[in-house]
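1. Structure here, sequence nowhere to be found:
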């Protein structure tokens, strides 16, 4: 989420907004506060992306580590082979 800080013309205010969606996070903040909020939002976005990556990695580990179960039909004995009669 690309956060931008822009100065408001004719005022000593800065606007903090998302460049992709246009969502405004701060309408009239001091430059110091606006830059601090930008850093905060950037870190929150970075943390959220890392959590998504960690979830995907955990899910793939679970599927890899899951042992394959053998399907054995009822009544079948170990090592038994099906005998066919010659025609």
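-> Perfect, I can see it now. It should be emphasised that the depicted structure is a prediction, and the values quoted were computed from it without experimental measurement. Residues are numbered from 1 along each chain as shown.
2. Strands along this structure, start to end?
-> Shown for the chain, the strands assigned by DSSP state E span residues 3-7, 14-18, 24-29.
3. and these as TSV, adding distance to residue 53?
-> Bear in mind the C-beta positions are built from the backbone N, C-alpha and C, glycine included. TSV is the format used below for those (distance: least, Cβ to Cβ, whole Å):
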stretch	distance to residue 53
strand 3-7	20
strand 14-18	21
strand 24-29	24
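4. so which of those strands is the most packed in?
-> strand 14-18 (a mean of 19; mean count of other Cβ atoms under 10 Å).
5. quick one: the residue positioned nearest the centre of the chain and residue 42, what's the gap?
-> Central residue of the chain (Cα atoms, centre = their mean): residue 52, 1.9 Å from the mean position. As judged by Cβ to Cβ, to the nearest Å, residue 52 and residue 42 stand 16 Å apart.
6. residues near the residue nearest to residue 21 when sequence neighbours are not counted, how many?
-> Excluding its sequence neighbours, the residue lying closest to residue 21 (Cβ to Cβ, 6 or more residues apart in numbering) is residue 1, at 7.8 Å. When neighbours are defined as other Cβ atoms under 10 Å, residue 1 has 14 of them.
7. Okay, buried residues for the least confident helix or strand in the chain by mean pLDDT please.
-> Lowest on mean pLDDT, DSSP states H and E among the helices and strands of the chain sits helix 31-65, with a mean of 85. Under the neighbour-count criterion of 16 or more other Cβ atoms under 10 Å, helix 31-65 has 34, 37-38, 41 buried.
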